[in-house]
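S.K.: Please work out how this folds:
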Amino acid sequence: MPPAKPRRKPAAVLFKPLKTERLTLRALKPEDAESLHRLVNDWEVTRALPVVPFPYPRELADKWIASTLKELAEGTAYQVAITGDEAGQEVLVGVIALHVDRATRLGHLGYWVGRRFWGHGVATEAARRLVSWALANLDIDRIQAHVDQENPASAAVLRHVGFQQTGESVRDFPARGGSRPVWDFEADRGDVFGETEAPATATGDKPVLLVVACALIDPDSRILLARRPEGKKLAGLWEFPGGKVNPGETPEAALIRELKEEIGIDVAASCLAPFTFASYAYDTFHLLMPLYLCRRWRGTPVGRENQTLAWVRPSRLTDFEMPPADKPLIPLLRDFL
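M.R.: Okay, the predicted model is just below:
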């Protein structure tokens, strides 16, 4: 008898709920259908939404929730519930969605909030959380959104999160019986997380930021990459482990300290071999980054700062989006290994 196929985990298990100060973003459930229908079957809500019809049939809520769970399990769309707490009870507040186009590394954001929850900053809080999570954890580089030009409040939400208006276009609004003009918005990691940190300078000249990095190489000649987690500048990009060199530190001492703090391994200075360096001019500072090679260490690398780690073969390094300063190092490593 052939072995049984492994069962796919439910979408609700695959998507770990995201928390904010007041809200939870979680996978939709079949039992949400009644509340969802009550909130969205409101002309003041649906009139501003592309795709959504009005009136909104009750049975459509069940079908749509089922489709969101399928897409969530496939990783093609993250259409999740926005919930809050009222007197100790979970309450559905609205829905926020991010569709993912893997081919273009682009996300498409949409959201709506029930009318009785308007005016409390719910949409901004939910959008900021999902956008930050997506750019830090999904293989996308930009997120787009479109807003009905009669909905300036929704445009303000996007601006608060960091989106920039890029133009105007036309979208289909079934509830309005046709197409309508919209404002187009877009955000990337720099818009949401800001530029990479740079030290202050009293002279106003572009400062030089000295950081050190290490290409850890395992017995299979794979290289360890770490993904910058939420809360850090340029979150979501992959990089070589390392960090800033503190005043008075040598590059080797700084790298030994960073590798211990970041991924929990012990490295001796004699195991660090200088390989090359990166010199890159960012808008507000100049980065100088020596890169070392290391094949021997004690311990097992573990992301101690919530960063994801990946062992990558040299031929696949270009599959991982990295900061511009790191990219010139890839062909050098590939040729060496």
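S.K.: okay, CA-based contacts and neighbour counts for the rest of this
M.R.: Will do.
S.K.: Tell me where the stretch 51-200 of the chain has strands.
M.R.: Using DSSP state E, counting those that start in this stretch, the strands found in the stretch 51-200 of the chain span residues 77-86, 89-101, 106-113, 142-148, 164-173, 178-188.
S.K.: which residues touch the fourth one?
M.R.: I take that to be strand 142-148. 48-49, 105-110, 131, 135, 154-155, 180-189 (C-alpha atoms under 8 Å, 6 or more residues apart in numbering).
S.K.: Got the domain ranges for this protein?
M.R.: The chain is divided into the following domains under automatic domain parsing: 11-193, 208-336.
S.K.: need the ones you listed in a markdown table with mean neighbour count and mean pLDDT, can you?
M.R.: Converted to a markdown table, the domains of the chain look like this (neighbours: other C-alpha atoms under 10 Å; pLDDT from 0 to 100):
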| stretch | mean neighbour count | mean pLDDT |
| --- | --- | --- |
| domain 11-193 | 18 | 93 |
| domain 208-336 | 17 | 93 |
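S.K.: Look up how far residue 166 lies from residue 123.
M.R.: Distance check for residue 123 against residue 166: by C-alpha to C-alpha, to the nearest Å, it reads 21 Å.
S.K.: How about residue 62?
M.R.: To residue 166, residue 62 is 35 Å away according to C-alpha to C-alpha.
S.K.: What of residue 227?
M.R.: Residue 227 is 29 Å from residue 166, by C-alpha to C-alpha.
S.K.: for residue 34, same thing?
M.R.: Residue 34 is 37 Å from residue 166, by C-alpha to C-alpha.
S.K.: Residue 254 too?
M.R.: Distance of residue 254 to residue 166, computed by C-alpha to C-alpha: 42 Å.
S.K.: for residue 129, same thing?
M.R.: Counting by C-alpha to C-alpha - residue 129 and residue 166 are separated by 22 Å.
S.K.: How about residue 287?
M.R.: The gap separating residue 287 from residue 166 is 30 Å, by C-alpha to C-alpha.
S.K.: wait, isn't residue 157 in contact with residue 123?
M.R.: Yes. Using C-alpha atoms under 8 Å, residue 157 is in contact with residue 123, at 6.7 Å.
S.K.: Would you tell me which of the strands of the stretch 51-200 of the chain gets closest to residue 20?
M.R.: Among the strands of the stretch 51-200 of the chain, the nearest to residue 20 by C-alpha to C-alpha is strand 77-86 (9.9 Å).
S.K.: Return stretch 81-96 as CSV; C-alpha atoms alone will do.
M.R.: Extracted in CSV, the C-alpha atoms of stretch 81-96 (Å, rounded to 0.1, in the frame of the first residue of the first chain):
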residue,chain,number,x,y,z
ALA,A,81,-10.4,39.5,9.2
ILE,A,82,-9.8,42.6,11.2
THR,A,83,-11.2,42.0,14.7
GLY,A,84,-11.4,43.9,17.9
ASP,A,85,-12.5,43.4,21.5
GLU,A,86,-15.8,44.6,23.0
ALA,A,87,-16.5,43.7,26.6
GLY,A,88,-14.2,40.7,26.3
GLN,A,89,-15.8,39.4,23.1
GLU,A,90,-14.1,39.3,19.7
VAL,A,91,-15.9,41.5,17.2
LEU,A,92,-15.5,41.5,13.4
VAL,A,93,-14.5,45.1,12.4
GLY,A,94,-13.7,44.7,8.7
VAL,A,95,-11.4,42.9,6.2
ILE,A,96,-8.0,43.7,4.8
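S.K.: starting at the chain centroid, how far to it?
M.R.: 23 Å (C-alpha atoms, centre = their mean, to the nearest Å).
S.K.: Spatially nearest residue to residue 79, not counting backbone neighbours?
M.R.: residue 97 (3.9 Å; C-alpha to C-alpha, 6 or more residues apart in numbering).
S.K.: Next: residue 303.
M.R.: Going by C-alpha to C-alpha, 6+ apart, residue 303 has residue 263 as its nearest residue, at 5.0 Å.
S.K.: Quick one: residues contacting the one you found.
M.R.: The contact partners of residue 263, by C-alpha under 8 Å, 6+ apart, come to 301, 302, 303, 304, 305.
S.K.: ok, now residue 245?
M.R.: Contacts for residue 245 (C-alpha under 8 Å, 6+ apart) come out as 210, 211, 212, 251, 254, 255.
S.K.: can I assume the fourth one is in contact with residue 212?
M.R.: Translated: residue 251. Yes. Between residue 251 and residue 212 there is a contact at 6.2 Å, judged by C-alpha under 8 Å.
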